[in-house]
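Undergrad: Just need the structure, nothing else, for what follows:
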Amino acid sequence: MKKIVKRVSKSAAKGQGKKSAGKLSKALASTVELVAGVAREAEGVVRDFASNVTGQPPDATPGRATDLLVAQHRKLEQLFERLESSKKGFDATLRELADDLSAHIFIEETLFYPAVRKLNPDIILEGLEEHAMGRFALQRLLGTKASDKSLRLRLKALKELMTNHHHEEERELFPVVRRHMPNSKLERLGAAMKKSFDTGVQRGHEAVLATFHDQLHQPVRAKSSRSVRRRS
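TA: Residues are numbered from 1 along each chain as shown. Below is the predicted model:
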């Protein structure tokens, strides 16, 4: 009987040892993952800050989704600067801006935002609203005649809206994404986004903007007011 008790005790001890080792292994793996995420986040923050200061796209790991978006942010800001500083080639530059901005917004809404939504739902919802305002401002700008005094003001308004939106993403969203998503996943996502972006640019802003189904020009509140008056 004593021998049986000893065998059971040894088996139980081995089982507990394996469980402890398993827990330790999981804890170590989790710690390594956390450290790697923090390192990616810190590296990205430094790179994004440098690109903001210099105005140049970051020298980043090729293909990562966040790096692709930051590079697009810097290019869009350069196009805004060109439009504000010179009248030479204004129409061609404006079309390039419209094509790039429309395709950029499209890949964020169809690919990037859905992939990272759970990490920061509030900033994603805010980003969608800013996109809608940006698309509306872009369409107003594109519909403004060159002789209209509002042209420069509408260009300035669009620039400020999108630049603030870009910098907010880089400060509040991208660091979180880098912390929680490994480079391999970010690179796969980036490859899909780059392909979709290039296709969007080739299609042109008219075709890309037509894919958004929110009806920006309909005065919803005004309709509600008319309905209330009729009922009364």
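
Undergrad: Give me the below-cutoff pLDDT ranges for this structure.
TA: Regions of the chain meeting the criterion pLDDT under 70 cover residues 1-62, 214-232.

Undergrad: Please enumerate the helices of the chain.
TA: Taking DSSP state H as the test, the helices found in the chain are 2-54, 65-85, 90-107, 113-116, 121-142, 150-168, 174-180, 183-203, 205-209, 220-231.

Undergrad: could I get the third one in PDB with only the CA atoms?
TA: What follows is helix 90-107, C-alpha atoms only, in PDB (Å, rounded to 0.1, in the frame of the first residue of the first chain):
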ATOM      1  CA  PHE A  90      -1.500  73.300 -60.600                       C
ATOM      2  CA  ASP A  91      -4.100  71.300 -62.400                       C
ATOM      3  CA  ALA A  92      -1.800  68.200 -62.800                       C
ATOM      4  CA  THR A  93      -0.700  68.400 -59.200                       C
ATOM      5  CA  LEU A  94      -4.200  68.700 -58.000                       C
ATOM      6  CA  ARG A  95      -5.300  65.700 -59.900                       C
ATOM      7  CA  GLU A  96      -2.300  63.700 -58.500                       C
ATOM      8  CA  LEU A  97      -3.300  64.800 -55.000                       C
ATOM      9  CA  ALA A  98      -7.000  63.800 -55.600                       C
ATOM     10  CA  ASP A  99      -6.000  60.400 -57.000                       C
ATOM     11  CA  ASP A 100      -3.500  59.600 -54.200                       C
ATOM     12  CA  LEU A 101      -5.800  60.900 -51.400                       C
ATOM     13  CA  SER A 102      -8.800  59.000 -52.600                       C
ATOM     14  CA  ALA A 103      -6.900  55.800 -53.000                       C
ATOM     15  CA  HIS A 104      -5.200  56.300 -49.600                       C
ATOM     16  CA  ILE A 105      -8.600  56.800 -47.800                       C
ATOM     17  CA  PHE A 106     -10.000  53.800 -49.700                       C
ATOM     18  CA  ILE A 107      -7.300  51.300 -48.500                       C
END
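
Undergrad: how many neighbours does the residue nearest to H73 when sequence neighbours are not counted have?
TA: Leaving aside its sequence neighbours, H73 sits nearest to H166 (CB to CB, 6 or more residues apart in numbering; 4.1 Å). (Each C-beta comes from the backbone N, C-alpha and C, glycine too.) Burial measure for H166: 20 neighbouring residues, criterion other CB atoms under 10 Å.
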